[in-house]
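Student: here is a sequence together with a model predicted from it:
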Amino acid sequence: MKKLICIAFLSLCVFGCKKEQRTDYVINGKAKGLYNGIRVYLNTMDERGRITAIDTAIVMNETFTLDGTVEYPSLHYITVNGVNGRLPVIIENAVLELNINQEKFSNSKLKGSKENDIYSEFGFKVSELRKKLVDAKKKYNQSFILNDTLNLSNDKQFLENLEKEFNDFPYAHIEKNKEKYSSLTILSAQLNSRNLDTEKFISTYNNLDENIKTTSEGRKIGEIINSIKEKLKSEKSTTIGAIAPEFSAPNPEGKIVALSDVVSKGKITIIDFWAAWCGPCRRENPNVVKVYNKYHDKGLEIIGVGLDGRRGQQNPKEAWIKAIKDDNLTWHQVSNLKYFDQIARRYNVGSIPSMFVLDNEGKIVAKNLRGLALENKIAELLN
């Protein structure tokens, strides 16, 4: 019996002494050379790149302390009054040590965060690859200028391989660390890439651990991916040769008009996305009127899709109807008066004017033509 009691007591000690996960962070800072009264800020950054301070500390005797709590390890930025630049760091709920290097702020070090260690390792490797890329480009350009045919081909191949390695590295790093919160930060940064590989981006996101994807940032990326998928779908459905997606909307009298109703009446149909507030659209309208008047009797139909209703527009319906009258747009007109609405998204329309030319079966045969190019295409189809 005594033996059992001792075992139970030891078990309680083991479990009672188990280290609990912290629910707050403390950043103990060292700031050698900084004067008393200098402020140190912990910041977040929004989608537009705007910095917001969430905590402030004052340097005293070359030390400072920042503390608070984060929902999960996430990217923050340290800034210091009088010191240029900002230091990206992954903050997690732990006791952290930050050593400020005011001479070269980017060399400042944060210790105590495993997530930040992984993120810093990634940043170091990216800088290394970027330097190699710069050197490889210089070497290739030199061979090109000197017409050094002996080395040009090899230099070009080396550069292309290095570019591929550079572009693939973030995804490879994330695959190795898909359970780490810092991977979410790295993946999010890929959205700013000029040549985003959407397929690889989506695949990498899908392979992240579920607890990473369910964070607020993870859900935000998930929503962006849904938008990307919708855009890809609309791009595919509005390519030349595809059947134009069906839609319907109210005309100025409130009657619902469908695309199929208009297509069935003519040999060729133009879908014209425009708006009363759109200067380029209004300047293009006289040309569309000219084409319509010239070819309507030969089988040309037009359905205008008004994208009025943008924020700040006064009386969008009145503006839309007035523009129809002022510009003599005597063909079919519809609008949900909801700016770039679901019809525009279905057609992947991000700017106006935007036009789609359909044959008598509703198949897209041309798009985004203006002026003489539009008239010539309609003439080709109907003459």
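Tutor: Sure, I can see it.
Student: drop to CA atoms for contacts and neighbour counts, all remaining ones
Tutor: OK.
Student: tell me which stretches of the stretch 151-300 of the chain form strands.
Tutor: Secondary structure of the stretch 151-300 of the chain (DSSP state E, counting those that start in this stretch): strands at 248-250, 256-258, 268-274, 300-306.
Student: Serialize those strands to CSV and add fields for mean neighbour count and mean pLDDT.
Tutor: Output for those, formatted as CSV (neighbours: other Cα atoms under 10 Å; pLDDT from 0 to 100):
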stretch, mean neighbour count, mean pLDDT
strand 248-250, 17, 97
strand 256-258, 15, 96
strand 268-274, 25, 97
strand 300-306, 24, 97
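Student: the longest helix along the chain: how far from the chain's middle?
Tutor: Assignment by DSSP state H gives helix 114-145 as the longest helix of the chain. Its chain's average C-alpha position is 24 Å from that of helix 114-145, according to Cα atoms, centre = their mean, to the nearest Å.
Student: show the backbone phi and psi for P73.
Tutor: Per-residue torsions, P73: phi -60, psi 120 (degrees, to the nearest 10).
Student: please report phi then psi for the closest residue to it other than its chain neighbours.
Tutor: Sequence neighbours aside, E92 is the residue nearest to P73 in space, at 4.3 Å (criterion: Cα to Cα, 6 or more residues apart in numbering). Phi and psi for E92, reported as degrees, to the nearest 10, are phi -130, psi 160.
Student: now E92: how far from K114?
Tutor: 9 Å (Cα to Cα, to the nearest Å).
Student: these two: who's more crowded?
Tutor: E92 (26 against 16; other Cα atoms under 10 Å).
Student: right, and the more buried one touches G68 too?
Tutor: No: using Cα atoms under 8 Å as the test, E92 is too far from G68 to be in contact (9.9 Å).
Student: who touches both of those two?
Tutor: Residues touching both E92 and G68 (Cα atoms under 8 Å, 6 or more residues apart in numbering): D24, Y25.
Student: where's I145 relative to L133, distance?
Tutor: 18 Å.
Student: ok, those two, which is more surrounded?
Tutor: L133 (20 against 9).
Student: wait, that one touches L162, no?
Tutor: Yes: the criterion here is Cα under 8 Å, and L133 meets it with L162 at 6.5 Å.
Student: what residues does stretch 193-205 touch?
Tutor: By Cα under 8 Å, 6+ apart, stretch 193-205 touches Y171, I174, E175, L187, Q190, K213, I225, I228.
Student: please indicate which of those residues are buried?
Tutor: When neighbours are counted using 16 or more other Cα atoms under 10 Å, the contacts of stretch 193-205 contain these buried positions: Y171, I174, E175, L187, Q190, K213, I225.
Student: max pairwise distance over the contacts of stretch 193-205: which two?
Tutor: By the measure Cα to Cα, E175 and I228 form the most distant pair in those, at 21.2 Å.
Student: next SSE downstream of the one helix or strand A344 maps to?
Tutor: Following DSSP states H and E, one finds A344 within helix 342-346. Where DSSP H and E defines the elements, the next helix or strand beyond helix 342-346 is strand 354-358.
Student: quick one: strands adjacent to that next one?
Tutor: strand 268-274 (antiparallel), strand 364-367 (antiparallel) (DSSP bridges).
Student: for T56, find the nearest of these.
Tutor: Taking Cα to Cα, strand 268-274 is the member of the strands paired with strand 354-358 nearest to T56, at 49.3 Å.
Student: against which helices or strands is the helix holding A344 packed?
Tutor: Under the contact criterion of 3 or more Cα pairs under 8 Å, 6 or more residues apart in numbering; DSSP states H and E, helix 342-346 touches helix 216-237.
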